[in-house]
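S.K.: Return atomic coordinates for the entry below.
(2 chains, ligands or ions: 2)
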Amino acid sequence: MERLRTLTLNNTFDEHFIRLVEEESGQQISKCYQCGNCSASCNYTFVYDYPVNQIMRLIQLGQKAAVLSSRSIWLCAACTACSTRCPCNIEVTRVMEALRVMSLREGIISIKDVEVFYEEFLKSVKTFGRVFETGLLPIVNLRTGRLTNDMELAPKVFKARKLHLLPSIIKGRKEVAAIFDRFESWQHQKMAHKG
Amino acid sequence: MFREIAYYPGCSIEGTAKEFDESVREICKVFGISLREIPDWNCCGSTPAHIYEPLLSAALSGRNLAIAESVGFDKVMTPCPGCLKALKGSLEAFRDPTKKEDFLRILNMPFEGRIKAVSIVQFLIEDIGVDEIERNVVFPLEGITVVPYYGCLLTRPPKFAEFDDPEQPTSMDRLLGAVGAKVPHFPFKTECCGATYGVLRKDIVGKLTGRILKMAQDLKADAIAVACPLCQQNLDLRQGQVERYRKESFEIPVIYITQIIGLALGIEPKKLGLHRLAVKPNFLFEMSRKGKENFVLEKQT
Ligand code: SF4
Ligand code: SF4
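M.R.: Ligands and ions are numbered 1, 2, ... in the order given. So this is what the prediction gives:
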């Protein structure tokens, strides 16, 4: 695991990135004075490459590549402890969320498995209108190459009669699929607009 | 008192959190509340939709709120804090002048944004009331120690939740107290359990859920009370995985708060889905059986 990376700040400074993060998250990044409260509140620092206050600092320094390819932004669970405690009222969770959206858009997501999981989840919603838990896990396992992952839980769930063998399909699934379609075209428009 | 309220169960309630649904419905019956499921509701998209873009999440939840509004409801209750977050996100997008237009365009349904979304815990506190619950207890859970675990979404962030204290919430403590349980101060009340990482990262859930279970054990809790399907899954269904990770054994039942309340209201354990929990709350079955006998005896004399 590479924890320490050397950044040559001047070479990688990207001013546009700072503005973009501010715009997408609706938060004023310059207000962060590095008190470290967010990191102190965050339960996930132990798996992060950069603690969340350092992510904030890296944004201030316009370090787009370092931030968008970091593992931290994909391991954040959006628990909002940081937002609750930031003395500058920055909704740090929003910032992390905007960074994930941007990293996905740029295709530099650091943790592929998470992406696979989210993708399959949304496919299920778009197809059935609701998520089909029973069908989701085997596909995710297949695609991420860990076939036996969580399989030991299946008998427990089955015994409690919680396992559905068929997806629950809603009448309005076409309406739901149309929401996805309109969302996608909105996204394309926005991208085209931004260049 | 008879009231009807819109109910958004959410997908996990149809599957792995079936007992949450069963117990919510049972206790609402006791208080004359009729739950009307939002007709043909869809999945809120959960974390994945939110990650892809908060507006997608807002629009998916928007469809559910729009249907509820068109049926004439002004309040929707959901047991799942994750679904609640999505429902509120949709109202937030509607109220944000920079997002409203895009949100409505993606949703493409009439939407007035006047409906309110609350969790089952907020509903129990504000619409039914701790006193009313206490008055209806037929079988107080005396002698049982229960620690309340709120998780991260129920009361945070404060601006969004508009309920209880974000750092030291007391709503679940009060509900548990009302049914007679002993409720020690639980320092990990709002610490995160590892959320959706249960599927992909056993190390994260092992560590985060592990220390919650350990704290509960140190406080000699007979059970942990929860109000979130994901927290329940991590703490209960994955307890074996956590035990392996920590090389320790716990055997602590993790029970939905509505199941605990239901039991005290005299509802049969089976109707509350208590048999569906992975770690069996045997002491409760025992107490419920004895309690019933005592209760019948008392009434006869
Ligand atoms: S808590 Fe707020 S001000 Fe403090 S380091 Fe984090 S983002 Fe910056
Ligand atoms: S929202 Fe993310 S960054 Fe903030 S405390 Fe929670 S896990 Fe950490």
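S.K.: mind listing what B:Q122 touches?
M.R.: The contact partners of B:Q122, by CB atoms under 8 Å, 6 or more residues apart in numbering or on different chains, come to B:F163, B:D164, B:S171. All C-beta atoms are positioned from the backbone trio N, CA, C, and that covers glycine.
S.K.: Export only the CA atoms of the helix or strand in which it is found, formatted as PDB.
M.R.: In this assignment (DSSP states H and E), B:Q122 forms part of helix B:120-123. In PDB, the C-alpha atoms belonging to helix B:120-123 read as follows (Å, rounded to 0.1, in the frame of the first residue of the first chain):
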ATOM      1  CA  ILE B 120     -40.300   5.600  12.300                       C
ATOM      2  CA  VAL B 121     -38.400   6.800  15.400                       C
ATOM      3  CA  GLN B 122     -39.500  10.400  14.800                       C
ATOM      4  CA  PHE B 123     -43.000   9.200  14.100                       C
END
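S.K.: can you list the contacts of B:Q122 in JSON lines and add neighbour count and secondary structure?
M.R.: Below are the contacts of B:Q122 laid out as JSON lines (neighbours: other CB atoms under 10 Å in any protein chain shown; DSSP: H, G, I helix; E, B strand; the rest coil):
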{"residue": "B:F163", "neighbour count": "19", "secondary structure": "coil"}
{"residue": "B:D164", "neighbour count": "22", "secondary structure": "coil"}
{"residue": "B:S171", "neighbour count": "23", "secondary structure": "helix"}
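S.K.: coming back round to it: mean confidence for the helix holding B:Q122?
M.R.: The average pLDDT for helix B:120-123 rounds to 96.
S.K.: Also stretch A:188-195?
M.R.: Rounded mean pLDDT across stretch A:188-195 is 74.
S.K.: Skipping adjacent residues, who's closest to residue 44 in space?
M.R.: Let's take chain A. A:L75 (5.4 Å; CB to CB, 6 or more residues apart in numbering or on different chains).
S.K.: ah, no, chain B please
M.R.: Per CB to CB, 6+ apart, closest to B:C44 is B:A86, 3.7 Å.
S.K.: How about the contacts made by the one you found?
M.R.: B:A86 touches B:C44, B:G45, B:S46, B:A49, B:H50, B:S57, B:A58, B:L60, B:S61, counting by CB under 8 Å, 6+ apart.
S.K.: again, only this time at 10 Å
M.R.: By CB atoms under 10 Å, 6 or more residues apart in numbering or on different chains, the contact set of B:A86 is B:8, B:10, B:43-47, B:49-50, B:54, B:57-58, B:60-62, B:64-65, B:78, B:80, B:117.
S.K.: So it, which state does it fall into?
M.R.: Here B:A86 is helix, with the state taken from DSSP: H, G, I helix; E, B strand; the rest coil.
S.K.: Just the pLDDT at it, thanks.
M.R.: For B:A86, pLDDT reads 92.
S.K.: same deal with A:R130?
M.R.: Note for A:R130: predicted pLDDT of 82.
S.K.: What's the local residue count around it?
M.R.: Neighbour count of A:R130, defined by other CB atoms under 10 Å in any protein chain shown: 23.
S.K.: and the nearest residue to it once chain neighbours are set aside, how many neighbours does it have?
M.R.: Of all residues not flanking A:R130 in the chain, B:C43 sits nearest, at 4.5 Å (CB to CB, 6+ apart). Neighbourhood size, B:C43 [other CB under 10 Å]: 29.
S.K.: which SS state does B:V76 fall under?
M.R.: With three-state DSSP as the basis, B:V76 sits in strand.
S.K.: what's near enough to touch B:K182?
M.R.: B:L141, B:E142, B:G143, B:I144, B:T145, B:V146, B:V147, B:L176, B:K220, B:A221, B:D222.
S.K.: With pLDDT, secondary structure and neighbour count added, can I get these in JSON lines?
M.R.: Shown next, in JSON lines, are the contacts of B:K182 (pLDDT from 0 to 100; DSSP: H, G, I helix; E, B strand; the rest coil; neighbours: other CB atoms under 10 Å in any protein chain shown):
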{"residue": "B:L141", "pLDDT": "91", "secondary structure": "coil", "neighbour count": "23"}
{"residue": "B:E142", "pLDDT": "89", "secondary structure": "coil", "neighbour count": "12"}
{"residue": "B:G143", "pLDDT": "88", "secondary structure": "coil", "neighbour count": "11"}
{"residue": "B:I144", "pLDDT": "93", "secondary structure": "coil", "neighbour count": "22"}
{"residue": "B:T145", "pLDDT": "95", "secondary structure": "strand", "neighbour count": "16"}
{"residue": "B:V146", "pLDDT": "97", "secondary structure": "strand", "neighbour count": "26"}
{"residue": "B:V147", "pLDDT": "97", "secondary structure": "strand", "neighbour count": "29"}
{"residue": "B:L176", "pLDDT": "97", "secondary structure": "helix", "neighbour count": "24"}
{"residue": "B:K220", "pLDDT": "96", "secondary structure": "coil", "neighbour count": "10"}
{"residue": "B:A221", "pLDDT": "96", "secondary structure": "coil", "neighbour count": "24"}
{"residue": "B:D222", "pLDDT": "95", "secondary structure": "coil", "neighbour count": "20"}
